[in-house]
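# sequence plus predicted model, see below.
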Amino acid sequence: MASGFQNDSNQLQAEMYKVIITMSNSTYYPTADGNDNGGVTPNSSDSFATLPTTLVLGKARARGNMRFRNIVNRLTGLGDCQVRDITITEANGDAQATSLQFTVNYERPAFIALTGTAIDGSTVISTTAIAIKNAIAQGIRDVTTATQRVYDPSNGDTQASITVTTTGATASQSYGTVAVTLIDESTLFD
């Protein structure tokens with residue numbers, strides 16, 4: 001009969017991954033008016049001292065915020081996770097982000113399914129980092145419509161139905177704008 005501490009596959013075995021989304025290519029992440037603009041951002045209009053100066057830019061900010069929410073939904077669909085240490089390159093409420101970095105932490109990464117092919121069509125999902133990269137790229141490309149808070153300089157904060165479509169990038173290009181690197185892990189030894 002065993003006594004004392006025993007390893008169990010259901011124990012917490014945290015892994016942290018650094019995520020970088022590069023949005024500097026205006027073909028892949030358009031800035032012109034349309035449902036494909038807005039990039040990806042966790043910030044809403046009121047995150048800045050300088051608010052969006054037009055309704056078009058207010059809608060773009062809302063779309064970027066919706067894409068970030070789509071990414072978080074995809075990441076939590078893989079397993080329980082935490083998103084933290086967010087760093088974003090945005091000048092003001094009018095500016096679309098050019099880079100977004102964050103850390104995602106999974107307490108039980110062994111439960112993330114490693115099957116199938118990534119949305120680029122050629123990469124086999126064989127590691128947790130690839131599964132995370134694929135989920136983020138899918139979140140960027142998710143088409144969603146939601147009632148969202150939008151800043152309109154004429155009326156202040158309003159609620160509006162906002163649609164987010166895929167950005168100007170193909171699935172393979174979206175996948176290529178995402179980088180995921182394992183930065184820390186804990187392992188059980190048998």
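Looks like it arrived, so ask away. Numbering: from 1, shown residues only.

# flag the shaky bits of the protein, pLDDT-wise.
1-12, 185-190 (pLDDT under 70).

# run the last query once more with 50
1, 188-190 (pLDDT under 50).

# grab the most central residue of it for me.
Residue closest to the mean C-alpha point of the chain, counted by CA atoms, centre = their mean, is Ile71 at 3.5 Å.

# gap between that one and Phe48?
Taking CB to CB, to the nearest Å as the criterion, Ile71 is separated from Phe48 by 21 Å. To be clear about C-beta, it is placed using only N, CA and C from the backbone, and glycine gets the same treatment.

# returning to what we had before: contact partners for the residue nearest to the centre of the chain?
Counting by CB atoms under 8 Å, 6 or more residues apart in numbering, Ile71 touches Val40, Ala135, Ile136, Gly139, Ile140.

# for Tyr106, same thing?
With contact taken as CB under 8 Å, 6+ apart, Tyr106 is in contact with Ala14, Glu15, Tyr17, Leu78, Gly79, Asp80, Cys81, Ile112, Thr128.

# whichever strand or helix holds Val83 packs against which elements?
Taking DSSP states H and E as the criterion, Val83 maps to strand 81-89. Judged by 3 or more CB pairs under 8 Å, 6 or more residues apart in numbering; DSSP states H and E, strand 81-89 is in contact with helix 55-78, strand 99-106.

# do that again at 6 Å, thanks
strand 99-106 (3 or more CB pairs under 6 Å, 6 or more residues apart in numbering; DSSP states H and E).

# I figured Arg84 hits Thr103, correct?
Yes - with contacts counted by CB atoms under 6 Å, Arg84 reaches Thr103, the gap being 5.4 Å.

# which of these two has more residues huddled nearby?
Higher neighbour count among Arg84 and Thr103: Thr103, with 16 against 10, using other CB atoms under 10 Å.

# might one say that the more buried one is in contact with Val83?
No - between Thr103 and Val83 there is no contact under CB under 6 Å: 7.4 Å.

# buried ones in the strand holding Val83?
Cys81, Val83, Ile88 (16 or more other CB atoms under 10 Å).

# could you work out the end-to-end span of stretch 83-95 for me?
Criterion CA to CA, to the nearest Å; first-to-last residue distance in stretch 83-95 is 23 Å.

# gap between it and the chain center?
Taking CA atoms, centre = their mean, to the nearest Å, one finds stretch 83-95 lying 12 Å from the centre of the chain it belongs to.

# now stretch 137-146
10 Å.

# can you list the buried residues in it?
For stretch 137-146, a neighbour-count test (16+ other CB under 10 Å) marks Ala137, Gln138, Gly139, Ile140, Arg141, Asp142, Thr144 as buried.

# before we move on, what about stretch 41-59?
Thr41, Pro42, Asn43, Ser44, Ser45, Phe48, Leu51, Pro52, Leu55, Leu57, Gly58, Lys59.
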